[in-house]
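Enquirer: Quick one, fold the following:
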Amino acid sequence: MAEQQPLPDMPALPFPLVEASGSLDGHASYYGGKFHGRRTASGERYNKLALTAASNRFPLNARLAVRREDTNRCIVVRNTDRMHPRHRSRIIDLSVAAASTLEMLRAGVVRVQVAMLPDHAAANDESACLAAFVVAPESCADCGRPQEFEEIETPLFSDP
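Expert: The predicted structure is shown next:
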């Protein structure tokens, strides 16, 4: 068996990478059969049946939660590849398996929200995926507390 050759250096990304706690909203597409078996930017072979993705906005090998906005379906994928520069309007390309899970094969391109998951995040299930898009309570100063209102004395009836 031939020894695996290292990939040439990739050109600079056209966008800065998303911070670990950040997420992006945008369009997703999928790439399928003709790329099956080709080498990806991470060095592994693309498998259309694996839960993987290509994105220029997230680090390679990052685990990403991808939520389809109109159906709220969610999947966790691993970013193994980069996208061609002509697809700058999209934020992610999904494998056929991931696109099928999101039920987007017929539509081709759908609106999604993508968030990077920490390494210690729960296993690949929909509830763990959806948890990536829940606003943390500490980011809201008044969450969970009853709102206090000033009492204002107003007469019930006014004399004409």
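Enquirer: if I look at residue 53, how far off is residue 130?
Expert: Going from residue 53 to residue 130 by C-beta to C-beta, to the nearest Å gives 17 Å. For glycine as for every other residue, the C-beta is placed from the backbone atoms N, C-alpha and C.
Enquirer: Which one of those two is surrounded by more residues?
Expert: Between residue 53 and residue 130, counting by other C-beta atoms under 10 Å, residue 53 is the more crowded of the two (27 against 14).
Enquirer: hang on, the more buried one is in a helix, isn't it?
Expert: No. Assigned with DSSP: H, G, I helix; E, B strand; the rest coil, residue 53 falls outside any helix and is strand.
Enquirer: Begin at 49, not 1, for the rest of this chat.
Expert: Taking 49 as the first residue, the last one we looked at is residue 101.
Enquirer: What separation is there between it and residue 94?
Expert: 10 Å.
Enquirer: what touches both of the two?
Expert: Residues within reach of residue 101 and of residue 94 at once, by C-beta atoms under 8 Å, 6 or more residues apart in numbering, are 128-129, 143.
Enquirer: Which one of those residues is nearest to residue 122?
Expert: Among these, residue 143 lies closest to residue 122 (C-beta to C-beta), at 15.4 Å.
Enquirer: Just list the residues touching that closest one, thanks.
Expert: Residues near residue 143 by C-beta under 8 Å, 6+ apart: 78-80, 94-101, 125.
Enquirer: hmm, try it at 7 Å
Expert: By C-beta atoms under 7 Å, 6 or more residues apart in numbering, the contact list for residue 143 reads 78, 96, 98-101.
Enquirer: who wins for most neighbours among the residues you listed?
Expert: residue 101 leads the contacts of residue 143 on contacts (other C-beta under 10 Å) with 27 neighbours.
Enquirer: give me every residue that touches that one.
Expert: Counted by C-beta under 7 Å, 6+ apart, residue 101 has contacts 112, 125, 127, 140-143, 146.
Enquirer: coming back round to it: tell me which of the shared contacts of residue 101 and residue 94 fall in strands.
Expert: Residues of these located in strands (DSSP state E): 128-129.
Enquirer: Just the helices from the chain, written as ranges.
Expert: 144-149, 174-179 (DSSP state H).
Enquirer: Comparing these, which comes out most buried?
Expert: Highest mean neighbour count among the helices of the chain (mean count of other C-beta atoms under 10 Å): helix 144-149, with a mean of 20.
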